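> Can you look at this prediction? I've put the sequence above it.
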Amino acid sequence: MGQPSASRSAARLTRDSIFRVAFAVQEYFALLGRVIRTVFTKPAYVRDFLQQMDTIGVKSLFIVVLTGLFTGMVLALQSAVEMKQFGATIYIGRLVGASAVRELGPVLTALMVTGRAGAGMAAAIGAMKVTEQVDALRTMGVAPVRKLVTPRVLAALLMLPLLTIITDLIAILGGLLIAIVKLDLTADLYMRSVYVSLADTGFVLRYIPIDLIQGLVKPIAFGGIMALTSCYYVLRTEGGTEGVGRATTQAVVSSSILILASDYFLTQILIALLVE
Amino acid sequence: MPERPRGEPTGSPNPFVEEVRSEVRKELATERRDDTGGIHTVELRDVWLAYGNNHVLRGISFGVSRGETLCILGGSGAGKSTILRLILRLLLPDQGEVLVGGRDICSVSYDDVLELRENMGMVFQASALFDSLTVFDNVAFPLYEHTNMSDEEIHERVMEVLGFVDLDPREVLELLPAELSGGMKKRVGVARAIVHEPPIILFDEPTSGLDPVTTRTVDELILKLRHELGVCAVVVTHDIRSAVRIATEAALLLDGEIIFKGAPEDMFASDDPYVRAFLG
């Protein structure tokens, strides 16, 4: 008697969970659709867009520089341990350059900016939601997606690649510091090695390394994912300040996971398109 | 409930009612008349709404015209604020019609809804001022959004409206909402709601959480809006004293139904046990 009832309730729970996930995915893409629509229709909130460029971009500079510096230094140190055994320390520039530009620069920048700006935007919009400020916008004939979400998504799309370039550069310089101070390499040798790593996979339009294209396409996608996911969670916030905290956590965790997962698929696609 | 002209005495012995009745009579002498040619500015016709099995509204009908103030009274969870959300079309009814300016707003497109809302002002219970903007930017917000006024014209209009709500513009203009008292926030909220001169103003618990003196100030402000601007106002409140002071008509909600509708002072003559319990 008990077993069929338990399996029925398990089936119902599974079905409800599937419906919930399907509904969430549908809502997420509906929000994306609304953002795309508002990009191409008036009015445009240029002031909010510039403000968000400052919040997401300029104010994230410090953590991005630190991230790049320590990542580059650690990469050089760790690889030196192995490479010294084979007398191959001159290739450290290759390793640091390739790792930073292809993978670590875009991913670490996106994760750090998600932790700072993504959490910030989730908390800010969440607070607006629970204090009826989002409703106030609606009652004044202003679409919240146009005013709050679109400027943030556009600013993130633009600022993440710029921040990634800075992370890449600083990471390479961090590696250079270790190469000179700890490994007694010359700057010229190290930088030549970095260049070779970037030139290895070839160039687009003669001068642009394919690695750099890879490293810049990813942050555009990561920026969109971070801003859209953060806004998606908080626009559904219920339950006062506790709900804002919950939504902010969900926003950061989900953005980070989506960034890491999409990194794999983007890498597959970019390798297929550009390298192979 | 027998029909009778608004503001006429009912013979109730309650001294509070007598006091406000004389006030209401004075106010009615200067009240602007409905200039919409008989069409209600805001009207609900047999509106039903449920969240799952929870029936929030059951067959609600009323109409409010220009120069009138309808107070919707009721206990917590009676469905009062839901009615405001329906008028703003933040919600859609399961059944019935919500008419604004004689037009059913339930079937219009999202863009039309945004345009429609430009004709309304809403004063929120907790003011809902934008935290990151100064008083000036908060009040000027609807003007920047929906008009082509120059910066000078907007500045002038904001100063005028802040003066109308009895705030000294020089003192508050550059303050952030966090630096204002509860009563000041309410008044800035009212200023923001009326700055673009909408014909309809909705108030959600405008006096909740305020001390008696500030409550009276806010009430006087709502009366001033009716007398001087002739707005159509819908006020959601559970404060019967405020309702008697400001309303031309009151509706008492119980379990999603209107159990009393008429002049607010008539409530005191009602035999309905809930009405009597509500009046305390």
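Done, it's in.
> Next up, the contacts around residue 73.
All of this refers to chain A. A:174, A:175, A:177, A:178 (Cβ atoms under 8 Å, 6 or more residues apart in numbering or on different chains). Placement of C-beta: from N, CA and C, glycine included.
> Chain B is the one I meant
Counting by Cβ under 8 Å, 6+ apart, residue B:73 has contacts B:80, B:237, B:238, B:240, B:243, B:250, B:251, B:252, B:253, B:278.
> which SS state does the closest residue to it other than its chain neighbours fall under?
Spatially, and ignoring its direct neighbours in sequence, residue B:73 is nearest to residue B:252 (4.8 Å; Cβ to Cβ, 6 or more residues apart in numbering or on different chains). Recorded secondary structure, residue B:252: strand (DSSP: H, G, I helix; E, B strand; the rest coil).
> the helices in the chain, which residues?
I'll assume chain A. Shown for chain A, the helices assigned by DSSP state H span residues A:2-39, A:46-52, A:61-85, A:92-98, A:105-113, A:119-130, A:133-139, A:144, A:150-181, A:187-200, A:210-235, A:240-270.
> that answer is for a different chain, and I need it for chain B
B:15-30, B:80-87, B:110-117, B:135-146, B:151-164, B:169-172, B:182-194, B:212-224, B:240-246, B:273-279.
> Could you report the neighbour count for residue 157?
All of this is about chain A. 19 (other Cβ atoms under 10 Å in any protein chain shown).
> switch to chain B, that's the one I care about
18.
> swap in residue B:179?
Close neighbours of residue B:179, defined as other Cβ under 10 Å, add up to 12.
> Repeat that for residue B:241.
Neighbours of residue B:241 under the rule other Cβ under 10 Å: 16.
> Next: residue A:40.
Burial of residue A:40 is recorded as 7 neighbouring residues (other Cβ under 10 Å).
> follow-up on the earlier one: can I get the contacts of residue A:73 in JSON lines including neighbour count and pLDDT?
Below are the contacts of residue A:73 laid out as JSON lines (neighbours: other Cβ atoms under 10 Å in any protein chain shown; pLDDT from 0 to 100):
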{"residue": "A:174", "neighbour count": "25", "pLDDT": "95"}
{"residue": "A:175", "neighbour count": "33", "pLDDT": "93"}
{"residue": "A:177", "neighbour count": "15", "pLDDT": "94"}
{"residue": "A:178", "neighbour count": "22", "pLDDT": "92"}
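> and which of those is nearest residue A:91?
Relative to residue A:91, the closest of the contacts of residue A:73 is residue A:175; by Cβ to Cβ it sits at 11.6 Å.
> what sits against the closest one?
Contacts for residue A:175 (Cβ under 8 Å, 6+ apart) come out as A:72, A:73, A:75, A:76, A:92, A:93, A:96, A:97, A:100, A:190, A:194.
> Out of the residues you listed, which is nearest to residue A:28?
residue A:100 (31.1 Å).
> gap between the closest residue to that closest one other than its chain neighbours and residue A:107?
The shortest distance from residue A:100 to any non-neighbouring residue, by Cβ to Cβ, 6+ apart, is to residue A:171 (3.8 Å). Residue A:171 sits at a distance of 12 Å from residue A:107 (criterion: Cβ to Cβ, to the nearest Å).
> Looking at the two, which is more packed in?
residue A:171 (30 against 20).
> what's the nearest residue to residue A:275 once chain neighbours are set aside in contact with, if anything?
Of all residues not flanking residue A:275 in the chain, residue A:201 sits nearest, at 5.7 Å (Cβ to Cβ, 6+ apart). Neighbouring residues of residue A:201 by Cβ under 8 Å, 6+ apart: A:209, A:210, A:211, A:274, A:275.
> Can you select the buried ones from those residues in PyMOL?
Only the buried entries of the contacts of residue A:201 go into this PyMOL selection, using 16 or more other Cβ atoms under 10 Å in any protein chain shown:
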select buried, chain A and resi 209+210+211
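> and which of the contacts of residue A:201 is nearest to residue A:232?
residue A:274 (30.4 Å).
> For residue A:142, which non-adjacent residue is closest in space?
residue B:145 (5.9 Å).
> Redo the helices of chain A as JSON lines? Include distance to residue B:164.
Formatted as JSON lines, the helices of chain A follow (distance: least, Cβ to Cβ, whole Å):
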{"stretch": "helix A:2-39", "distance to residue B:164": "34"}
{"stretch": "helix A:46-52", "distance to residue B:164": "28"}
{"stretch": "helix A:61-85", "distance to residue B:164": "45"}
{"stretch": "helix A:92-98", "distance to residue B:164": "65"}
{"stretch": "helix A:105-113", "distance to residue B:164": "45"}
{"stretch": "helix A:119-130", "distance to residue B:164": "27"}
{"stretch": "helix A:133-139", "distance to residue B:164": "20"}
{"stretch": "helix A:144", "distance to residue B:164": "28"}
{"stretch": "helix A:150-181", "distance to residue B:164": "33"}
{"stretch": "helix A:187-200", "distance to residue B:164": "65"}
{"stretch": "helix A:210-235", "distance to residue B:164": "34"}
{"stretch": "helix A:240-270", "distance to residue B:164": "33"}
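> Between these, which one is closest to residue B:67.
Across these, closest to residue B:67 is helix A:133-139 (Cβ to Cβ), at 21.8 Å.
> tell me the mean pLDDT over the closest one?
Across helix A:133-139, pLDDT averages out at 92.
> what about it and chain B, touching?
Yes: for helix A:133-139, a contact with chain B is found by Cβ under 8 Å from any Cβ of the partner chain, at A:133, A:135, A:136, A:138, A:139.
> Show me which of those are buried.
Judged by 16+ other Cβ under 10 Å, buried ones among the residues of helix A:133-139 next to chain B: A:133, A:135, A:136, A:138, A:139.
> Residues of chain B that sit close to chain A?
B:88, B:90, B:110, B:114-118, B:120-122, B:124-126, B:128-131, B:141-142, B:145-146, B:202.
> Filter these down to the buried ones, ChimeraX style.
A single ChimeraX command selects the buried members of the residues of chain B next to chain A (16+ other Cβ under 10 Å):
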select /B:88,114,116,117,118,120,121,122,124,125,126,128,129,130,141,142,145,146,202
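> Poorly predicted segments of chain A, please.
Applying pLDDT under 70 to chain A picks out residues A:1-4, A:276.
> Thought residue B:195 was touching residue B:158, still the case?
Yes: counting by Cβ atoms under 8 Å, residue B:158 touches residue B:195, with 6.7 Å between them.
> which residues do these two both contact?
B:139, B:140, B:143.
> Where neighbours are concerned, which of those has the most?
Within the shared contacts of residue B:158 and residue B:195, neighbour counts (other Cβ under 10 Å) peak at residue B:139, which reaches 30 neighbours.
> right, and that one touches residue B:188 too?
Yes: if you go by Cβ under 8 Å, residue B:139 and residue B:188 touch, sitting 6.5 Å apart.
> Mutual contacts of these two, please.
What both residue B:139 and residue B:188 touch, as defined by Cβ under 8 Å, 6+ apart, is the set residue B:162.
> Look up how far residue A:275 lies from the closest residue to residue B:49 other than its chain neighbours.
Nearest residue to residue B:49, sequence neighbours excluded (Cβ to Cβ, 6+ apart): residue B:57, at 4.3 Å. Noted for residue B:57: a distance of 62 Å to residue A:275, by Cβ to Cβ.
> Could you do residue B:46 as well?
Distance from residue B:46 to residue A:275, by Cβ to Cβ: 67 Å.
> Isn't residue B:231 up against residue B:66?
Yes: with contact defined as Cβ under 8 Å, residue B:231 counts as touching residue B:66 (7.2 Å).
> mind listing what residue 123 touches?
Defaulting to chain A. Each residue near residue A:123 by Cβ under 8 Å, 6+ apart is listed here: A:234, A:244, A:248.
> Correction: the question concerned chain B.
Taking Cβ under 8 Å, 6+ apart as the test, what residue B:123 contacts is B:186, B:189, B:190, B:193, B:201, B:202, B:203, B:204, B:206.
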